[in-house]
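In: sharing a model that was predicted from the sequence below.
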Amino acid sequence: MEKTSPHARPETLRSFRSGVKAFRETMPEVESPVDISEDRARHSAKLWLAAPSKKGKGGGVRSPVSLSYNLRALSAFTNHLIDLGHMAKNPWHGIKAPKAEKTKKPVPTEDETTTLFTWVHSRYPEWKSLHAL
């Protein structure tokens with residue numbers, strides 16, 4: 001890959017390898033990128049997301065965000081193969097990862113905010129701009 005993409009950044013090559021590794025985990029029987037159909041690509045994405053995560057103890061749930069990263073990497077890698085004339089069509093184009101659940105960020109309460117600014121006022125009385133808040 002480095003020889004055909006001498007100007008590719010190391011992070012780009014790392015993402016290509018990561019995407020290919022994720023695909024090979026789910027479809028080890030596929031010997032060549034040319035053998036990947038849209039159905040196989042879609043099935044691979046579902047299998048990868050359903051498998052337990054290898055990070056941490058006990059194998060947690062894989063993230064749709066990680067799947068999205070792998071899909072983008074595989075699509076970009078396939079586009080590179082198309083540019084080199086090895087493939088005619090990108091089977092990853094149009095495959096989308098499911099939306100990840102949005103996590104709510106904790107927001108300080110009114111009392112916590114008042115306590116913070118009271119402490120700032122007593123600790124740093126010379127900070128006039130913060131006293132206005």
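Out: In hand now; what should we look at? Numbering: from 1, shown residues only.

In: and the end-to-end length of stretch 76-96?
Out: For stretch 76-96, the first and last residues are 14 Å from each other (C-alpha to C-alpha, to the nearest Å).

In: how far is that stretch from where the chain is centred?
Out: 19 Å (C-alpha atoms, centre = their mean, to the nearest Å).

In: list the buried residues of that stretch.
Out: Buried residues in stretch 76-96, counted by 16 or more other C-beta atoms under 10 Å: 77-78, 80, 87, 90-92, 95. (C-beta placed from N, C-alpha, C; glycine too.)

In: so which of those are in helices?
Out: Per DSSP state H, helices hold the following members of these: 77-78, 80.

In: min pLDDT across those, which one?
Out: Among these, His80 has the lowest pLDDT, at 88.

In: now the ones in helices among the buried residues of stretch 76-96 as a markdown table including distance to Arg40?
Out: Shown next, in a markdown table, are those (distance: C-beta to C-beta, whole Å):
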| residue | distance to Arg40 |
| --- | --- |
| Phe77 | 15 |
| Thr78 | 13 |
| His80 | 19 |
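
In: now, which of those sits nearest Pro125?
Out: Phe77 (58.8 Å; C-beta to C-beta).

In: tell me how far that closest one lies from Trp92.
Out: Using C-beta to C-beta, to the nearest Å, Phe77 is found at 9 Å from Trp92.

In: next one: Thr12
Out: Taking C-beta to C-beta, one finds Thr12 at 16 Å from Trp92.
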